[in-house]
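Asker: sequence first, predicted model second:
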Amino acid sequence: MNESRGSMSLLSSAKAKIDNGFSRLGPKLDFTDPAQRTLMLLASRTISISNAVVLLSRHDLSTEAVPLLFSLIGIAAQMRWIAEKDHSQRAREFSSELRQSASGWFWDVAKLKEKMARMDFDSQLIDALDHVLLEHIEGNVEGLPWGHSLPESRKGLTQDELLDVAALAIRHVLKALDAFWPGSFEIASIEMEGK
């Protein structure tokens, strides 16, 4: 539980840094620039998704938060990818990919892992993609009257696992924002473990 408190604290601090960073940028923001617009929208989603992940974890629904966690990881990867180089072009590519996949799952797992590996993401976060998806589908089955009869059922994600992965993802969101708008998000006080 101590670990989840640290992750919860980091999530709260990161959300405040995102809000404060955009407040500092204020009038300098250019909503017509595809990269700025996309990074702002994704940062906004990060805050809302993080709030939902924390709320679900507090109600012992960590496994049910997996689609949100998966989205948070995907947002972090896309933001880092856009902030890395060719900002406007990559923002338009992301927008195009998003519209093409609107009828299916939001993230193509193979493409997402490839982008994350190219940008030297923590292996723990890349590996979490497969783990959390399995936990979401196969977790908490034993809660059903007949669940005990299923072989190899999973326990589901713990609160610590959920919040630790969410904290890793949000660190990458902050890293992307800092790369694009250096110094505006005061990320020095947040420990940047991994890359």
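Answerer: Cool, the structure landed. Numbers count the residues shown, from 1 in each chain.
Asker: please count neighbours and contacts with C-alpha atoms only from this point.
Answerer: OK.
Asker: tell me the helix or strand right after the helix or strand of the chain with the lowest mean pLDDT.
Answerer: Lowest by mean pLDDT, DSSP states H and E among the helices and strands of the chain is helix 123-138, with a mean of 75. Going down the chain from helix 123-138, the next helix or strand is helix 159-180, by DSSP states H and E.
Asker: just checking the distance from that next one to the centre of its chain.
Answerer: Relative to its parent chain, helix 159-180 has a centroid offset of 6 Å by Cα atoms, centre = their mean, to the nearest Å.
Asker: list the helices and strands it packs on?
Answerer: Here helix 159-180 touches helix 2-25, helix 34-58, helix 66-84, helix 123-138, going by 3 or more Cα pairs under 8 Å, 6 or more residues apart in numbering; DSSP states H and E.
Asker: most packed of those helices?
Answerer: Most buried of the helices and strands packed on helix 159-180, by mean neighbour count (mean count of other Cα atoms under 10 Å): helix 66-84, with a mean of 23.
Asker: give me the contacts around it.
Answerer: 35, 39, 42, 46, 49-50, 52-53, 88, 90-91, 94, 106-107, 112, 115-116, 119, 125, 129, 132-133, 135-136, 162, 165-166, 169-170, 172-173, 175-177, 179-180 (Cα atoms under 8 Å, 6 or more residues apart in numbering).
Asker: what do you get for stretch 110-130?
Answerer: By Cα under 8 Å, 6+ apart, the residues outside stretch 110-130 that reach it are 70, 73-74, 77, 80-81, 109, 165, 168-169, 194-195.
Asker: closest to Phe185 among those?
Answerer: Nearest to Phe185 among the contacts of stretch 110-130, counting by Cα to Cα, is Arg80 at 14.7 Å.
Asker: worst mean pLDDT among the helices and strands packed on helix 159-180?
Answerer: Note on those: helix 123-138 shows the lowest mean pLDDT, a mean of 75.
Asker: quick one: it to helix 66-84, angle?
Answerer: 150 degrees (axes from the mean of the first three to the mean of the last three Cα atoms, to 10 degrees).
Asker: and helix 123-138, how far from the chain's centre?
Answerer: Remark: helix 123-138 is offset 13 Å from the chain centroid, using Cα atoms, centre = their mean.
Asker: what's the answer for stretch 5-22, then?
Answerer: Computed by Cα atoms, centre = their mean, the separation of stretch 5-22 from the middle of its chain amounts to 13 Å.
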